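Engineer: what would the 3D arrangement of this be:
(2 chains, ligands or ions: 2)
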Amino acid sequence: MTAPAARIHVAHTSAPAPHHYTTLGLDSRKVAIWAFIGSECMLFVSLISTYLIYKGRSVVGPFPHETWTDPTTGHVLKPILNIPVTSASTFVLLMSSLFMVLALAAVQNKEKPKHSRGDRILGNSKLWLWMTAIAGTTFLGFQAFEFTSFVHEGLTIRTNLFGSSFFTLTGFHGAHVTAGVLWLVTLLAIDYRRGLGSRDSLLVDIAALYWHFVDVIWIVIFTLVYLIK
Amino acid sequence: MATTAISTPAYRGEYSGEQSGLWSWLSTVDHKRIGILYLYTALFFFMFGGVEALILRAQLGAPNQHLVSAEFYNQLFTMHGTTMIFLAIMPLSAAFFNFLIPLQIGARDVAFPRLNAFSYWVYLFGGIFITVPILFAVAPNGGWFGYAPLTTKPYSPGINIDFWVIGLQILGVSSLAAAFNFLTTIINLRAPGMTLMRMPMFTWMAFVVQFLLVLAFPVITIALVFLLFDRFFGTNFYNTVSAGADPLLWQHLFWIFGHPEVYILVLPAFGLVSEVLPTYSRKPLFGYPVMVYSGILIAALGFGVWAHHMFAVGMGPIADTFFGLTTMLIAIPTGVKIFNWIATMAQGAIRYTTSMLFGIGLVGLFTIGGISGIMHSSPPADLQQTDTYFIVAHFHYVLFGGSIMGIFAGIYHYFPKIQGRLMDEKLGKIHFWLTFIAMNLTFFPMHFSGMLGMPRRIYTYDAGQGWDLYNAMSTAGAMIFPIAMLIFIYNFFKSRKSGEIAGSNPWGAGTLEWSIPSPPPDYNFAKIPTVTSRYPLWEGKEVDHESARINSQEGKTAAELGIVMPYNTIKPLLVALGLIIMFCGLMTTPILIAAGAALLVFSLYSWLLSPLEPEHH
Ligand code: HEM
Ligand SMILES: [Cu+2]
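Structural biologist: Ligands and ions are numbered 1, 2, ... in the order given. From the prediction side, this is the model:
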C-alpha cells in the first residue's frame, strides 16, 4: 500500500459559491439550533417528569388543585393555582409567537416594495420585534405576579415537594423566556443600528425557532401542571 | 466551495496566524491546536487520577493498613472516578474529535471554531475547580455517582459536595457546547461526496456519541440543579426525611444519564480501533454498514437499560425483568462489533505495530468486561455482585481495557499526523506489554475478591477473609502502571523532538486525513476534495494525481492559497472565565457572581458581534 496518491477530486467552483460550502446547503447555525432544541427537550422532560412524579406526594399544603387544612393551626389553604390568570398569560405568550412569525416575514421581505399602508405595517420588522418582546415581558410580569401571590399564600420553593418542583420548573421556563427577550432586544438594537434586511433573516430565523420552542414548552407545562387535575 | 477563489484577502491585524508563543495558544480557534490542548490537559488529569488510584491501591495492599484515613479514602475514590471519567477519558476522546473529525470529513475546521475554544477553556477551568480541593483534603467524597440523599446538606454538610455539584455543572457546559459543535460539523461540513455511509468509522462513532451527549447531559444537569437547590436554597427534591421525597429520584436521573455516559466513554475508542485494525491488517473494515448500525443500536438501547444499576433497591420483578432483558439485548450489537473486528483481522497482512497491539488489546480485554457485564445483567446474579469488587473488575475491563486501550491505540496511530514524527516503536511495545500485564494483574484478581464478598469503597479490611492474596496482586499490578506511563511520556516527548520524520501517510492508511501533510497546515485541505469511496487513498484506479499533489504540498500559507482563515481571539477564554467566576461566587460571595456575569455578558456580546473571519471578496 505504497501509493498514498488519492482518488479524490477537486470540487468545482460552479455557480456563485455560498459563503462556505456546507453539506446541506444550510447555514450551520440553523443545524446547531435544532441540536440545541433537542437537548433542551431533555432538560424540560426531566423537569416535567419530576413535577409529575412528585404530584400528590407533598406532606403539607398548599396544594395545586385541592384545599388543605393545616392540622396544627386549623388554617384552610385554598387551591393555589389561578387558572384564569394563567390562561391570560398563556394567551399573551401564544400571541407573541404570532408576532414572531410576522417579525421574521418582515425581515425576509425587507427589500420587497410596499404598496399599501398594510404592507408597510406588516413589513415593519421593528414593530413586530417590539411586540414579541413586549408580549414576552408581559408573560414574565404575569409570572412575577403569580410567584409573589403564591408566596403570600404560603407557598415557597421550600414549603413542600410541590413548591420545590413547581417553582423550579416554571422558573426554568421563565429564565428561558428572559433569555429570549434579551435575544429579541439584541436583534432590535441591530435593527436600529444598521437595519435588518433579508440577508439577516437567518439571525431572526434562529431566534424565532428558539422562541417558538419556548412557547410550545409552555403549552405542555400549562396543560400538565395547570389544566390536568 | 469558495476554496479556489484566488483574490488575496486583506488580513487585519488581529489575524496573526502565529503558530507559537503563549498568546497563540490562548487565542487559538484552530481545531487541531485545540485538540492538542485537550490532549495534553487530559493526559495530565489522567496521570493525576492515576496517582489517586495508586494511593488507593497502596492503602488496600494488605489488611488493616492506615496509610490514609477513611475520610480521605472516600475523597480519593470519588475524585479518582470523577477525574478519570470527566477529566481524562471524555476529554481524550474530545482531543480526537477535535483533531480528526474535520480532517476525516474533508473540512477546514469545525462548524463553530470559537465555540470550540470556549469548550476547551471551560473544561480546563472546570477541571481545575474540581481538582484543587483534594490538595486541601476537602474534595468531594460521595462517590462518582454522588447518590442523594447522602449528598444533601444534612448528611454531607461540608463544602466537599459543593465542589462536585458545581464542578460537574461546569464540565457539562463544556461537553454540551462541544457536542452541538461536532454534531453540526458532521452533519453540515462533509466534503462533496462524503455521504454518511462513506464516513470513516471514527467519525461515525463520534457522531453517535454527540447524540448521546446532547440527550443525556441535560438529565444530569437537572439532577444536579435539584441537588444544588437542595443544598443552597433548602428545596426538598431529595429531602426524604420530612418532605416525603422519593429516595430513588436521584438514582433514576443519574443513571438515565449514567448508562449512556458509559457509551460516551467507550464508543470513541471503538471508533479509533476501527481505524487502526483495518490499517494494520491492510483490509477494509469488515461489515462496515453493520458496524454503523450496531453503534446506533447500542446508543439507542443505552437509554433503556439504566435501572440495571439499581437492581438492589427492590424495584420489583417486572422492572427487574425488563431492565435485565434490555441489558442482555445490548450485548448483541456489542458482540457484533467484536466479531467484525476479528473478521477484519482475519487473513489480513497484519503488522504488529504498537498501535495495532493496543487495538488487539482492546478487542480481547473489552470482551472480558462485556462478559462480566452480561453476568450481572441477570438480577439474581447481580444481587451477589453489586457493590463488590466484581463490579470494579467489570468496569475497569470495559473502561481501561476498552476506552484507554483504544485511546492509546489512537495516540500511537495519530501521533505522526499530529506531530509530524513517528513514535519509537520499541519503547511503544514495552509500554504496551507493561500496561497489558499491569491491567490484568490489577483487575483480574478483583473478580475473585469480589466473588468472595469484598465490598467496593471500604478503606480497609480484616485479614483472613480470603481477600489478602488478591488484594496484594492488585496492588502489585497497580505499581507497574507508573513505570509504563513514564516510558510512554518519555517516548512521547523524545519522539516529538527527534522522532523519525513521518511524511503524510506513514502507515499506508486509507482515509482523507492521511492525504495531507503531517502536521497538517492550518487550513487542512488546500482544495476541498470530492470523495468517491470509503478509503479514498486505497483505491488504485482513477487516481487524481492533480488534487493529491495540491493537498500534499507543504509550506504554502493560507494567504498564498487565498484561503480565508478565522481570526485568533481571546474572547472565548474570557467568556469561560466569566462563567467560572460566577460559579465560584456561588460558593463565596455574590459580588463574584456579579463580576463574573459582567465579564461573561460583555465578552459574549463582543464575541457574537465581531466577525469570525475577514470578509470574502
Ligand atoms: C455488554 C455490555 C455491558 C453490560 C451487559 C453491562 C452491564 C452492567 C451492569 C448490569 C452493571 C451494574 C452492576 C452493579 O452495579 O451491580 C454495570 C456496571 C457498570 N458498567 Fe457495565 N455493562 C456493559 C458494558 C459497559 C461498558 C461498555 C462500560 C464503559 C465503558 C461499562 C461501565 C460500567 C460502569 C462504570 C459500571 C459501574 C457503575 C458504578 O457502579 O459505579 N459497562 N454494567
Ligand atoms: Cu449501565
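
Engineer: get me the contact residues on the stretch 201-350 of chain B for ligand 1.
Structural biologist: B:Val262, B:Leu265, B:Val266, B:His308, B:His309, B:Thr327, B:Ile330, B:Ala331, B:Thr334 (Cβ under 6 Å from any ligand atom). Backbone N, C-alpha and C define where each C-beta goes, glycine included.

Engineer: just the residues you listed: which are in helices?
Structural biologist: B:Val262, B:Leu265, B:Val266, B:Thr327, B:Ile330, B:Ala331, B:Thr334 (DSSP state H).

Engineer: list just the nearest of those residues to chain A.
Structural biologist: Nearest to chain A, judged by Cβ to the nearest Cβ, of these is B:Val262 at 17.8 Å.

Engineer: okay, and the residue lying closest to that closest one once chain neighbours are set aside sits in which element?
Structural biologist: Of all residues not flanking B:Val262 in the chain, B:Val398 sits nearest, at 7.1 Å (Cβ to Cβ, 6 or more residues apart in numbering or on different chains). For B:Val398, the host element (DSSP states H and E) is helix B:389-398.

Engineer: that helix packs against which elements?
Structural biologist: In terms of contacts (3 or more Cβ pairs under 8 Å, 6 or more residues apart in numbering or on different chains; DSSP states H and E), helix B:389-398 is packed against helix B:249-281, helix B:354-375, helix B:425-451.

Engineer: in TSV: those, plus mean neighbour count and mean pLDDT.
Structural biologist: Listed next are the helices and strands packed on helix B:389-398 as TSV, based on neighbours: other Cβ atoms under 10 Å in any protein chain shown; pLDDT from 0 to 100:
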stretch	mean neighbour count	mean pLDDT
helix B:249-281	25	98
helix B:354-375	22	97
helix B:425-451	20	98
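
Engineer: and the closest residue to B:Thr511 other than its chain neighbours, how many neighbours?
Structural biologist: Leaving out its chain neighbours, the residue that sits closest to B:Thr511 by Cβ to Cβ, 6+ apart is B:Pro200, at 4.6 Å. When counting by other Cβ atoms under 10 Å in any protein chain shown, one arrives at 27 neighbours for B:Pro200.

Engineer: next, give phi and psi for B:Pro200.
Structural biologist: phi -60, psi 150 (degrees, to the nearest 10).

Engineer: that one against B:Gly106, yeah?
Structural biologist: No - assessed by Cβ atoms under 8 Å, B:Pro200 is found out of contact with B:Gly106, at 10.6 Å.

Engineer: and the helix or strand where B:Gly477 lies, what does it pack against?
Structural biologist: B:Gly477 belongs to helix B:468-498 when assigned by DSSP H and E. Counting contacts by 3+ Cβ pairs under 8 Å, 6+ apart, helix B:468-498 is packed against helix B:31-60, helix B:405-419, helix B:425-451.

Engineer: B:Thr460: what secondary structure?
Structural biologist: Recorded secondary structure, B:Thr460: coil (DSSP: H, G, I helix; E, B strand; the rest coil).

Engineer: my read is that it contacts B:Ala62, right?
Structural biologist: No - if you go by Cβ under 8 Å, B:Thr460 and B:Ala62 don't touch, sitting 9.1 Å apart.

Engineer: I'd like to know how far B:Met315 sits from B:Pro260.
Structural biologist: Counting by Cβ to Cβ, to the nearest Å, the gap between B:Met315 and B:Pro260 amounts to 19 Å.

Engineer: and B:Ile489, by the same measure?
Structural biologist: Relative to B:Pro260, and taking Cβ to Cβ, B:Ile489 is found at 32 Å.

Engineer: what's the answer for B:Ile170, then?
Structural biologist: 20 Å.

Engineer: measure the nearest residue to A:Leu184 once chain neighbours are set aside to B:Phe408 for me?
Structural biologist: Among residues not flanking A:Leu184 along the chain, A:Ala133 sits closest, at 4.2 Å (Cβ to Cβ, 6+ apart). Computed as Cβ to Cβ, the A:Ala133 to B:Phe408 distance reads 53 Å.

Engineer: rounded mean pLDDT for the helix or strand containing B:Arg549, please.
Structural biologist: For B:Arg549, the host element (DSSP H and E) is helix B:545-552. Averaged over helix B:545-552, pLDDT sits at 71.

Engineer: next secondary structure after that helix?
Structural biologist: helix B:558-561.

Engineer: returning to that earlier point: name the residues of the host helix or strand of the residue nearest to A:Leu184 that are buried.
Structural biologist: Here A:Ala133 is covered by helix A:125-152, with elements defined by DSSP H and E. By neighbour count on 16 or more other Cβ atoms under 10 Å in any protein chain shown, the buried set for helix A:125-152 is A:125, A:127-133, A:135-140, A:142-143, A:146-147, A:150.

Engineer: could you pull out the buried residues of the lengthiest helix in chain A?
Structural biologist: When chain A is scanned for its longest helix (criterion: DSSP H), the result is helix A:161-194. For helix A:161-194, burial by neighbour count (16+ other Cβ under 10 Å) applies to A:161-170, A:172-174, A:176-177, A:180-181, A:183-184, A:187-188, A:190-191.

Engineer: what average pLDDT does that helix get?
Structural biologist: Mean pLDDT, helix A:161-194: 97.

Engineer: next SSE after it?
Structural biologist: Using DSSP H and E, the helix or strand that follows helix A:161-194 in sequence is helix A:201-221.

Engineer: using PDB, list the CA coordinates for that next one.
Structural biologist: What follows is helix A:201-221, C-alpha atoms only, in PDB (Å, rounded to 0.1, in the frame of the first residue of the first chain):
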ATOM      1  CA  SER A 201     -33.100  36.600   8.000                       C
ATOM      2  CA  LEU A 202     -31.100  33.700   9.500                       C
ATOM      3  CA  LEU A 203     -30.400  35.700  12.600                       C
ATOM      4  CA  VAL A 204     -34.100  36.200  13.100                       C
ATOM      5  CA  ASP A 205     -34.900  32.700  12.000                       C
ATOM      6  CA  ILE A 206     -33.000  31.000  14.700                       C
ATOM      7  CA  ALA A 207     -34.200  33.400  17.300                       C
ATOM      8  CA  ALA A 208     -37.800  32.600  16.100                       C
ATOM      9  CA  LEU A 209     -37.100  28.800  16.300                       C
ATOM     10  CA  TYR A 210     -36.000  29.200  19.900                       C
ATOM     11  CA  TRP A 211     -38.900  31.500  20.700                       C
ATOM     12  CA  HIS A 212     -41.500  29.100  19.300                       C
ATOM     13  CA  PHE A 213     -39.800  26.200  21.200                       C
ATOM     14  CA  VAL A 214     -40.100  28.000  24.500                       C
ATOM     15  CA  ASP A 215     -43.700  28.800  23.700                       C
ATOM     16  CA  VAL A 216     -44.500  25.100  22.900                       C
ATOM     17  CA  ILE A 217     -42.900  24.000  26.100                       C
ATOM     18  CA  TRP A 218     -45.200  26.400  27.900                       C
ATOM     19  CA  ILE A 219     -48.200  24.900  26.300                       C
ATOM     20  CA  VAL A 220     -47.100  21.500  27.600                       C
ATOM     21  CA  ILE A 221     -46.400  22.900  31.100                       C
END
